[in-house]
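>>> Structure, please.
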Amino acid sequence: MTFIICGLAEVPAVISARRPSHMITLLDPASMIGTPQGIEAANHLRLGVNDIAEPMDGMVPPDEQLVQDLLAFGAGWQGDAPMLIHCWAGISRSTASAFVLACERNPEADEREMALMMRRAARHASPNRRIIALADDIMGRRGKMADAVAAMGDYDYQTAQPFDFPARH
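Below is the predicted model:
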């Protein structure tokens, strides 16, 4: 059970090389893409959201419905083939979504260890704090997810590249 996290530019190559069965796209509504060849439309969740932590005029912030949609979609993935999760750069919205889904699949796992595992896999990972905080509340994690992501420390966006993150820990 593997999540592959990447930016929009890497999506075609990842689909070709890794053959994921499911895909989550997190892009601002104006940049939303259709379902790429190689992915069934029913297995593609498209979430129109800006990469912001606080509401801003003209932008769509992450909200509770986004997290509910993310969790519902993740529940339908059996894990036989990888799930591709991408945003514009593969740094914030996609890493937050992978972390949320990994926490959902591993309710007894230590959130901090999972976050540090993500840091080791991707120096560029900087999960969107609003998505994490909303999921933390919805999933009843009592701040553990938010604290774990904060413990990841600084990130290096210049090193962004596709990476794998295990769904089971």
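>>> list the contacts for residue 55?
With contacts defined as CB atoms under 8 Å, 6 or more residues apart in numbering, residue 55 is in contact with residue 61. C-beta here means a position set from N, CA and C on the backbone, and glycine is covered the same way.
>>> can I assume it sits in a helix?
No. The assignment for residue 55, made by DSSP: H, G, I helix; E, B strand; the rest coil, is coil rather than a helix.
>>> Just the pLDDT at it, thanks.
As summarised for this prediction, residue 55 has a pLDDT of 86.
>>> Please apply the same query to residue 169.
Among the per-residue scores, residue 169 shows a pLDDT of 67.
>>> how close does the residue located most distally from the centre of the chain get to residue 72?
Of all residues in the chain, residue 57 has its C-alpha farthest from the mean position, at 24.1 Å, by CA atoms, centre = their mean. Residue 57 sits at a distance of 29 Å from residue 72 (criterion: CB to CB, to the nearest Å).
>>> Can you pull the phi/psi pair for the residue farthest from the centre of the chain?
Backbone torsions of residue 57, given as degrees, to the nearest 10, read phi -60, psi 130.
>>> How much space separates it from residue 65?
As for residue 57, its distance to residue 65 is 20 Å (criterion: CB to CB).
>>> What are the boundaries of the helices in this structure?
Assigned helices in the chain, in chain order: 11-18, 64-75, 93-105, 111-121, 129-138, 144-150 (criterion: DSSP state H).
>>> Put the alpha carbons of the third one into CSV.
Extracted as CSV, the C-alpha positions of helix 93-105 are listed here (Å, rounded to 0.1, in the frame of the first residue of the first chain):
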residue,chain,number,x,y,z
ARG,A,93,-1.6,20.0,-0.3
SER,A,94,-0.5,16.5,-1.6
THR,A,95,1.7,15.8,1.3
ALA,A,96,-1.0,16.8,3.8
SER,A,97,-3.5,14.6,2.0
ALA,A,98,-1.1,11.6,2.1
PHE,A,99,-0.4,12.2,5.8
VAL,A,100,-4.2,12.4,6.6
LEU,A,101,-4.9,9.2,4.7
ALA,A,102,-2.0,7.4,6.3
CYS,A,103,-3.2,8.5,9.8
GLU,A,104,-6.7,7.2,8.9
ARG,A,105,-5.4,3.8,7.8
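>>> which residues touch the residue nearest the centre of the chain?
Using CA atoms, centre = their mean, the residue of the chain that lies closest to the mean C-alpha position is residue 97, 2.4 Å off. Residues counted as contacts of residue 97 (CB under 8 Å, 6+ apart) are 24, 26, 70, 85, 131.
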